[in-house]
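> sequence and predicted structure are below.
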Amino acid sequence: MLNFELSDARKKLQAKAREFSLKHVLPEAWSADENDTLPVHVLKKAFHDGLMNSDIPKEYGGKGYGLVEGAIITEEVAAACPGIATSLFDNSLGLEPILLSDNTTAKQKYLTQIANDFKLICFATSEATMGSDVSSIRCQAKKDGDDYILNGTKFWITNAGVADFITVFATVDPESSHKGICAFVVEKQWDGVTTGRPIPKMGQRSSNTAAIAFKDVRVPKENVLAEPGKGFVLAMQTFSRTRPIIGAFAVGAARSAMEYAISYAKKRRAFGSALSGFQALQFKIAEMFQKVEISRLLVLKAAWEADEQKDPTLSASIAKMYATEAAWQVADEALQIFGGYGYTRMFPIEKLLRDIRLYRIYEGTSEVQRMILAGHVLANYTPVMPPLDELPVMRDQSGLESGQAVWRCSMCGYVHYEDQVPDQCPVCLFSGKIFKPVKTT
């Protein structure tokens, strides 16, 4: 039986996240964006209020929430500020490879610290020369006894400048593609680890993003999350569980853009009437609402599949692709409703538009999601309908006599009701040799 209503516990969590976002995140959004700085004290407040690291299991001191709860919290924080939300929930991305790994020592050491102390962990796959193509990693890991030595750089790393720990994906051989990829937990304080200046960005300016360099960094055996050949799979498993949350970011940001547009349309008057009275704008608002609602349903479905230990890969790709593209459309239409005011920095729409644009890029671009979905549909999808050249024909509707043959042109679909095929199809003029018998019922 399907039930689309949140449980009482989840409604309570939603209300808590919403109150926190309105009280602590929203007031910081404007200045953090203006100053291009991450308000770390907001993350610390979220940690103490139990709104960070929600997916750490109880055995390590966490709350043991699933992705559904994570999506609920994320939507509310992103509605107040997408940039702060990105940094706040980067811990869940950074710790996911540890959760998914078989390294119980690393789980006990790092998950326990992150759950009980205010510690930040970031996720490092991207490099200056690669993003969505994880198999092209160049950062090298060289085996040295039981340890590994890391050399190389990572780029576009959220919270790199403020994180205490890093989950790093590297390769033992750049020419071996995904077969050489491995993964580790690295501590920022180790010798040889340095971070660059914050990367100046168009949007998400209230989230810290920087490069990380590794120079002869020794990683002990107990910090290996995936041996060579297993790292690529671990990265893909991580994305399957975190992409629904990217969709939740988009839902929250789009929801706010819609709400601001509704507020403006009710207040602003033109040609003697409120903008909300014009059907053209009503249609825009209706489509904005539709996109927000559909996006939320897709996100929650993908999150639910992950929580139920089902493979969420396809649903995560659908949710991530649809929600992020829909959010851009919603914010763009919101700006159109605001008109010239929407284009100014005096209203929040232009910030939302800048923040939202990133969602179609990170954790797998929209193009990558289309490749995943197309690959499934063309190779693994099981159709319900028969192939076109096997479509049946109703005998009683065609006036056929019992036993009379029916033929279909496999080129244009023309159906021929004779015992013999024609020499030539009368419609497409191809040879009669391409006719096939049709099943009748």
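That came through fine.
> would you map the helices across the stretch 51-200 of the chain?
Assigned by DSSP state H, counting those that start in this stretch, the helices in the stretch 51-200 of the chain fall at 67-80, 82-88, 90-100, 104-106, 112-116.
> wait, which of those is closest to residue 293?
helix 67-80 (12.2 Å; C-beta to C-beta). Using the backbone N, CA and C atoms, a C-beta is placed for each residue, glycine as well.
> relative to helix 90-100, how tilted is that closest one?
160 degrees (axes from the mean of the first three to the mean of the last three C-alpha atoms, to 10 degrees).
> who are the packing partners of helix 67-80?
Contact here means 3 or more C-beta pairs under 8 Å, 6 or more residues apart in numbering; DSSP states H and E; on that basis helix 67-80 packs against helix 8-20, helix 82-88, helix 231-267, helix 279-307.
> I'd say residue 16 and residue 51 touch.
Yes - Residue 16 lies in contact with residue 51 (C-beta atoms under 8 Å); the separation is 7.3 Å.
> can you pick out the residue with more neighbours from those two?
Between residue 16 and residue 51, counted using other C-beta atoms under 10 Å, residue 51 has the larger neighbour count: 23 against 16.
> ends of stretch 189-198, what's the gap?
18 Å (C-alpha to C-alpha, to the nearest Å).
> domains in the protein, as residue ranges please.
233-379, 388-437 (automatic domain parsing).
> format the ones you listed as JSON lines; extra columns: mean pLDDT.
Converted to JSON lines, these look like this (pLDDT from 0 to 100):
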{"stretch": "domain 233-379", "mean pLDDT": "96"}
{"stretch": "domain 388-437", "mean pLDDT": "86"}
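> quick one, which of these gets closest to residue 74.
Among the domains of the chain, domain 233-379 sits nearest to residue 74 (C-beta to C-beta), with 3.9 Å.
> now do the same end-to-end measure for the closest one.
In domain 233-379, first residue to last residue: 20 Å (C-alpha to C-alpha).
> rewinding a little: go through the helices and strands packed on helix 67-80 and pick out the most buried.
helix 82-88 (a mean of 28; mean count of other C-beta atoms under 10 Å).
> where along the chain do the strands fall?
121-124, 140-144, 147-158, 165-171, 181-187, 193-195, 209-219, 224-226, 269-270, 273-274, 407-409, 415-416, 435-437 (DSSP state E).
> partners of the longest one in the sheet?
This points to strand 147-158. strand 140-144 (antiparallel), strand 209-219 (antiparallel) (DSSP bridges).
> cool, the first one as well?
Using DSSP bridges, the strands paired with strand 121-124 in its sheet are strand 165-171 (parallel).
> and the angle for the strand it pairs with with helix 231-267?
120 degrees.
> separation between residue 365 and residue 123?
From residue 365 across to residue 123, the span is 17 Å (C-beta to C-beta, to the nearest Å).
> which one of the two has more residues nearby?
For residue 365 versus residue 123, neighbours defined as other C-beta under 10 Å are more numerous around residue 123 (28 against 16).
> what sits against the more buried one?
Applying C-beta atoms under 8 Å, 6 or more residues apart in numbering to residue 123 gives the contacts 90, 93-94, 96-97, 157-158, 166-167, 238.
> okay, now residue 314: neighbour count?
Counted with other C-beta under 10 Å, residue 314 comes out at 18.
> let's have the chain start at 53 instead
Sounds good: first residue 53 from here, last item residue 366.
> quick check: which ranges of the stretch 53-202 of the chain have low pLDDT?
Residue ranges of the stretch 53-202 of the chain with pLDDT under 70: 53.
> distance to residue 96 for the helices of the stretch 103-252 of the chain - can I get that in JSON lines?
As requested, these are exported to JSON lines (distance: least, C-beta to C-beta, whole Å):
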{"stretch": "helix 119-132", "distance to residue 96": "14"}
{"stretch": "helix 134-140", "distance to residue 96": "10"}
{"stretch": "helix 142-152", "distance to residue 96": "12"}
{"stretch": "helix 156-158", "distance to residue 96": "24"}
{"stretch": "helix 164-168", "distance to residue 96": "13"}
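> hey, which of those helices is tucked in deepest?
Comparing the helices of the stretch 103-252 of the chain by mean count of other C-beta under 10 Å gives helix 134-140 as most buried, with a mean of 28.
> just the CA trace of that one, in PDB.
The C-alpha trace of helix 134-140 is given here as PDB (Å, rounded to 0.1, in the frame of the first residue of the first chain):
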ATOM      1  CA  PRO A 134      21.700  26.900  -1.100                       C
ATOM      2  CA  GLY A 135      25.300  27.700  -0.500                       C
ATOM      3  CA  ILE A 136      25.300  27.200   3.300                       C
ATOM      4  CA  ALA A 137      23.300  24.100   2.800                       C
ATOM      5  CA  THR A 138      26.000  22.700   0.500                       C
ATOM      6  CA  SER A 139      28.700  23.100   3.100                       C
ATOM      7  CA  LEU A 140      26.400  21.900   5.900                       C
END
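> before we move on, the earlier item: and the helices and strands packed on helix 119-132: which comes nearest residue 379?
It's helix 283-319; of the helices and strands packed on helix 119-132, that one is closest to residue 379 (C-beta to C-beta) at 3.8 Å.
> tell me how far that closest one is from the chain's mean position?
8 Å (C-alpha atoms, centre = their mean, to the nearest Å).
> tell me how many other residues surround the closest residue in space to residue 217 that isn't next to it in sequence.
Excluding the flanking residues, the one nearest residue 217 by C-beta to C-beta, 6 or more residues apart in numbering is residue 173, at 4.1 Å. By the measure other C-beta under 10 Å, the count of residues near residue 173 is 28.
> before we move on, what about the one 4 residues further on?
As a burial measure, residue 177 scores 27 neighbours (other C-beta under 10 Å).
> that one and residue 190 touch, don't they?
No - applying C-beta under 8 Å, one finds residue 177 not in contact with residue 190, separated by 11.5 Å.
> contacting residues around residue 273?
So residue 273 contacts 198-199 (C-beta under 8 Å, 6+ apart).
> same check on residue 359?
With C-beta under 8 Å, 6+ apart, residue 359 has these contacts: 118-120.
> nearest to residue 228 among these?
Nearest to residue 228 among the contacts of residue 359, with distances taken as C-beta to C-beta, is residue 119, at 32.3 Å.
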